[in-house]
Structure formats: C-alpha cells, structure tokens
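[1] Pasting a predicted model and its sequence here:
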Amino acid sequence: MNSEFTFSIKRIDFDENYHPADSTRITTNFANLARGESRQENLRNALGMIDNRFNALAHWDNPTGDRYSVELEIISVEMDIAGSDDAFPAIEVLKTHIVDRKTNKRIEGIVGNNFSSYVRDYDFSVVLREHNKNQAKFSVPADFGELHGKIFKSFISSAAYKQSFRKPPVICLSVSDNKTYSRTENQHPVLGVEYQPNVSSLTEQYFKKMGLQVRYFMPPKSAAPLAFYFFGDLLSDYSNLELISTISTMETFQKIYRPEIYNANSEAGARYQPSLQHRDYSLTQVEYDREERSKLGVEQGKFAEEHFMKPYQSVLEHWAASCAV
C-alpha cells in the first residue's frame with residue numbers, strides 16, 4: 001500500500017457502561033443497543049445472553065454452565081489521509097476475549113464478528129440506488145465494491161492489523177431472506193450443520209471483493225444458519241472456544257434484530273427459506289427500533305459521500321489504481 005493512507009486503531013470496551021463514540025455508525029448492532037432510556041438494561045441483558053449461549057455451547061468440563069464469560073472490545077479503524085488533519089472512520093469490528101473462571105485465564109478470541117463500514121453504506125444506499133433509479137431491471141455497476149474491497153484488504157495486510165491481531169478476521173452475518181438454503185451431511189461439533197445456498201447473493205459478491213469466502217452453518221440448538229465470512233480455513237484455523245465466542249456474540253445480536261429468523265420457536269428444516277414475515281417467534285428482553293436503523297443507513301451513506309468520497313475522489317482513484325493488495 002502506498003503512503004496516501006495509513007490505518008490507526010482505537011479500542012473501547014463494550015460493556016454495560018458503553019456509550020457510542022461520535023464517529024461510530026449509530027446503526028451498528030452494538031451502538032444501537034446503547035441508546036435511549038433502557039440503554040444500560042439493554043446492554044446488561046445482551047451481554048448476559050452472550051455468556052449463557054457461550055456456556056451452553058462450551059458445555060464440556062462445565063457442569064454448572066457458568067465457567068466462561070465473554071468480554072467484547074470495539075475496534076474502530078480510521079484511515080489517516082496523508083497531508084491532511086482528517087481521519088475517516090473506515091471500519092468498525094468487534095474483538096472477543098474469553099474469561100475462563102476455572103483456570104483464571106483470559107483467552108484471546110476472534111476479531112471481526114460484527115462489521116460496520118460507512119463506505120459500504122455509501123455503496124448500497126447511494127451508488128446502488130442511483131444506478132437503479134428509473135431502471136426497469138435491477139443491475140449492479142461493474143466496479144461495485146472494488147474500492148471498499150481494496151480498503152479492507154489493505155487494512156488486513158497493514159502493519160496496524162498485524163501488530164494488533166494474531167489471526168485473520170471472521171465476520172458473522174445473518175442469512176438472506178431471498179435465498180433458499182439446503183442442509184448438507186457435513187457437521188462440525190461447534191459450528192453445527194452446514195447449509196448451502198441456492199444462488200450467490202450480492203452480499204457474497206461484495207465480501208468476495210474484500211477477499212472473503214463464505215460458509216453457512218447452523219450451530220447446535222440454533223434456529224437458523226449463520227453466514228461466516230473468512231480467509232483461509234474456518235474449520236481448522238480457529239479453536240472451538242474462538243468459534244464459540246463468535247457464535248454466541250453474533251447469534252445474540254441476530255436474536256435481538258431478527259427474532260423472526262433467529263429466535264423462531266422452530267428450527268430450520270432440510271430446505272430453509274428465512275422470512276421476516278414469520279410469526280412464530282419469541283422476543284428478547286432487549287429494546288430495538290429496526291425501522292429507525294434502516295433509515296439511518298441512508299443518512300450514513302450520504303455522510304460518507306460528503307466527507308470522504310467527494311472530497312478525496314481524485315486521491316482515492318489514484319490510490320485504488322496503484323493499490324496492489
């Protein structure tokens with residue numbers, strides 16, 4: 001990567017006292033919980049759900065189901081622009097840490113998990129909408145996601161990342177409600193049963209430009225599969241406890257944000273099509289405004305356009321053209 005951009009990392013604990021920073025995307029899963037009158041109760045309940053799910057999956061040598069707790073750290077990545085006092089909040093992810101109360105050890109977990117990006121908001125909420133305005137048939141621009149992909153891959157290969165994290169990231173997302181997933185015979189003790197989608201999605205193609213491949217697994221006693229985006233080999237590059245830290249964290253968020261899918265009262269079958277219109281589900285004890293979150297995504301895409309894409313267009317084009325990642 002050339003010297004026009006460098007990356008810097010900021011960390012903040014995600015606990016019941018967390019307050020979102022001004023630079024945090026307010027639609028981000030964890031930031032959305034930390035707003036309003038019920039913010040502390042929301043956070044406490046969500047963190048309790050994560051710990052309970054972790055212990056249910058890490059059940060060996062854990063007879064009372066309370067051996068472990070998960071500590072979360074928000075990793076905010078800024079792109080520092082050469083010759084400028086500006087730093088743009090490019091990426092935000094979560095880092096898990098596992099506390100083993102039996103051995104009194106704190107075990108490093110996985111970085112990634114949740115994934116937030118203003119530039120992704122710009123691509124989906126500004127570029128894609130503008131491209132398809134007044135079009136009879138939906139299509140995607142030829143270079144869609146390429147700049148974002150180069151930014152992400154540059155960060156992963158940067159000195160800032162390598163000095164901070166031992167392993168590549170794993171990002172865990174929900175399944176798409178416009179695809180059908182078929183159960184396979186492959187089964188992992190922690191990740192669970194593997195599913196295969198019937199078609200490739202725009203999200204898969206977008207993340208592929210970030211260098212990530214995807215596999216879908218439904219962990220034991222889950223209601224639906226999760227999408228795991230990763231580099232390398234998901235099944236052998238990470239320990240069971242590392243994988244459980246990601247599953248427990250991200251499944252909890254999905255139960256809160258998409259209860260129709262992830263807190264359904266029956267689990268996915270051999271052929272599964274997720275639906276947000278599903279009626280047989282339970283609500284968590286965490287308050288959340290899904291409609292507000294979708295509106296804010298558009299606002300944040302415009303923020304990226306005004307504060308990053310337009311002011312630095314020529315710099316970005318030159319950087320992208322010369323960027324070999």
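    Yes, it's here.
[2] only C-alpha atoms for contact and neighbour calcs from this point on.
    Noted.
[3] who are the neighbours in contact with the residue nearest the centre of the chain?
    Central residue of the chain (CA atoms, centre = their mean): Asn114, 2.4 Å from the mean position. Counting by CA atoms under 8 Å, 6 or more residues apart in numbering, Asn114 makes contact with 29, 92-94, 171-173, 250.
[4] Likewise for Asp143?
    Shown in contact with Asp143 (CA under 8 Å, 6+ apart): no residues.
[5] Now do the strands in the stretch 151-300 of the chain.
    Here the stretch 151-300 of the chain has its strands, by DSSP state E, counting those that start in this stretch, at 170-174, 181-188, 192-197, 213-218, 226-230, 271-272.
[6] Just put those strands in JSON lines and tack on distance to Gly301, mean pLDDT and mean neighbour count.
    Converted to JSON lines, the strands of the stretch 151-300 of the chain look like this (distance: least, CA to CA, whole Å; pLDDT from 0 to 100; neighbours: other CA atoms under 10 Å):
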{"stretch": "strand 170-174", "distance to Gly301": "20", "mean pLDDT": "97", "mean neighbour count": "22"}
{"stretch": "strand 181-188", "distance to Gly301": "30", "mean pLDDT": "98", "mean neighbour count": "15"}
{"stretch": "strand 192-197", "distance to Gly301": "29", "mean pLDDT": "98", "mean neighbour count": "19"}
{"stretch": "strand 213-218", "distance to Gly301": "25", "mean pLDDT": "98", "mean neighbour count": "20"}
{"stretch": "strand 226-230", "distance to Gly301": "23", "mean pLDDT": "98", "mean neighbour count": "22"}
{"stretch": "strand 271-272", "distance to Gly301": "32", "mean pLDDT": "96", "mean neighbour count": "16"}
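[7] Can you list the low-confidence ranges for the stretch 51-200 of the chain?
    83 (pLDDT under 70).
[8] If I look at the spatially closest residue to Ala82 that is not a sequence neighbour, what pLDDT would I see?
    Of all residues not flanking Ala82 in the chain, Glu4 sits nearest, at 5.0 Å (CA to CA, 6 or more residues apart in numbering). What the model reports as pLDDT for Glu4 is 73.
[9] Which residues are in contact with Glu4?
    So Glu4 contacts 81-82, 315, 319 (CA under 8 Å, 6+ apart).
[10] so how far is Ser76 from the residue nearest to the centre of the chain?
    Distance of Asn114 to Ser76, computed by CA to CA, to the nearest Å: 12 Å.
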